[in-house]
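Asker: Quick one, structure for this:
(3 chains)
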Amino acid sequence: MDSAEFHAAVYDKVREIPVGSVTSYGHIAKLIGMPRHSRHVGQALKFLSPQTNPPIPWQRVLGASGTISSRGPGSDGAQRQRDALEAEGVEVTVGRTGEMRVDLARFGWFPAPVTTAGGRRSTSGEDTEEEDEDA
DNA sequence: TTAATGACGTGCC
DNA sequence: CGGCACGCCATTA
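Answerer: Model prediction:
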């Protein structure tokens, strides 16, 4: 798979994230069949954000713990991401160290991968997890 | 060709 | 929960 196709795949998946929901780089990587390329997903987003026509909702992609990546102190990207998320109705909390994170139990969006063959994970039905958690 | 980097993830303390 | 170390891998120096 070329970087171009990788970017396309990432773009396609990220675009599927429903409004008001978030997911992790790692999950995107899994969805496109490359669970070890979590870091490259982020790179793809960086590469795509300024040039995709229907703007890619990169703000809906966070770290595996629901934490927003720093992306550099000088860059306000993280701040913009938080703002964009809140604008969509996603609750963003800030810790002491200024770390911003989202409650994945409430806003997380983790569809099961296709699991072509050999992959354990029941092909029939859906995975039994998450679902509505109301507090 | 080797070394370093990074929008990450997981295991440990 | 906070912080730290190690593993992954394509890209870049």
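Asker: got the buried residues for stretch A:101-112?
Answerer: Burial within stretch A:101-112, assessed by neighbour count using 16 or more other CB atoms under 10 Å, is assigned to A:101, A:102, A:104, A:106, A:107, A:108, A:109, A:110. In short, each C-beta sits where N, CA and C put it, glycine included.
Asker: Of those residues, which belong to helices?
Answerer: Taking DSSP state H, the ones among these that sit in helices are A:104, A:106, A:107.
Asker: Could you measure from the second one over to residue A:35?
Answerer: Just to be clear, that refers to residue A:106. According to CB to CB, to the nearest Å, residue A:106 stands 24 Å off from residue A:35.
Asker: near DNA strand B, which residues of chain A show up?
Answerer: Applying the criterion CB under 7 Å from any atom of the strand, the portion of chain A that neighbours DNA strand B consists of A:24-27, A:38-43, A:45-46, A:49, A:58, A:61, A:63-65, A:69-72, A:77, A:81.
Asker: can you do 6 Å?
Answerer: Residues of chain A found near DNA strand B, taking CB under 6 Å from any atom of the strand as the criterion, are A:24-26, A:38-39, A:42, A:45-46, A:49, A:58, A:63-64, A:69, A:71, A:77, A:81.
Asker: All set, thanks.
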